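okay, predicted coordinates and the sequence, questions at the end:
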Amino acid sequence: MIRDPHDLPIIEEVDDRFYVAPSKVPGAGDGLFAKVALAKGDRLRVVGVRLRAKSAADLCTRYADAHKFRAGEDLLIPVGFGGMVNHSADPNMEKVVEEGHVYLQALRVVAAGEELFFTYSAYAQKRFGLA
């Protein structure tokens with residue numbers, strides 16, 4: 001099936017609470033930072049491309065395996081701010097899946113200017129040499 005490329009959705013994320021800057025973790029590249037203070041429980045919805053686990057789309061996107069979020073039976077390749085949150089064994093965010101959506105939720109108050117972290121899956125930690 002040939003589709004008009006204009007039929008494909010354009011993903012654009014706008015959330016004035018966050019910004020991308022060089023991570024404070026050596027070798028991590030960029031990270032995501034809070035532009036404003038976040039209260040415990042505040043959420044960032046992880047936007048991206050959703051696909052079925054073990055489907056052709058999953059197999060053809062193996063390059064992104066370490067970045068994929070599991071959302072029930074599906075997977076989500078992040079394409080916005082959620083994909084910029086780095087790993088920590090002492091995170092200030094946690095992954096929450098609710099009604100098929102993936103969120104990163106503040107575990108505590110996060111100060112403006114603070115880098116955001118969550119704990120990567122065991123697979124991602126191994127893939128990035130963190131385990």
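Yep, it's here.

so the nearest residue to S23 once chain neighbours are set aside: helix, strand or coil?
In space, and not counting its chain neighbours, S23 is closest to G31: 3.4 Å by CB to CB, 6 or more residues apart in numbering. Where C-beta positions appear, they are placed from N, C-alpha and C, glycine not excepted. Counting by DSSP: H, G, I helix; E, B strand; the rest coil, the backbone at G31 sits in strand.

which residues touch G31?
V20, A21, P22, S23, K24, V25, M84, V85, N86, E115, L116 (CB atoms under 8 Å, 6 or more residues apart in numbering).

in the chain, which spans are helices?
For the chain, the helices defined by DSSP state H cover 56-60, 122-127.

closest one to D16 among these?
When these are compared by CB to CB, helix 122-127 sits nearest D16, at 28.1 Å.

show me how far the closest one is from its chain's centre.
Relative to its chain's centre, helix 122-127 lies at 15 Å (CA atoms, centre = their mean, to the nearest Å).
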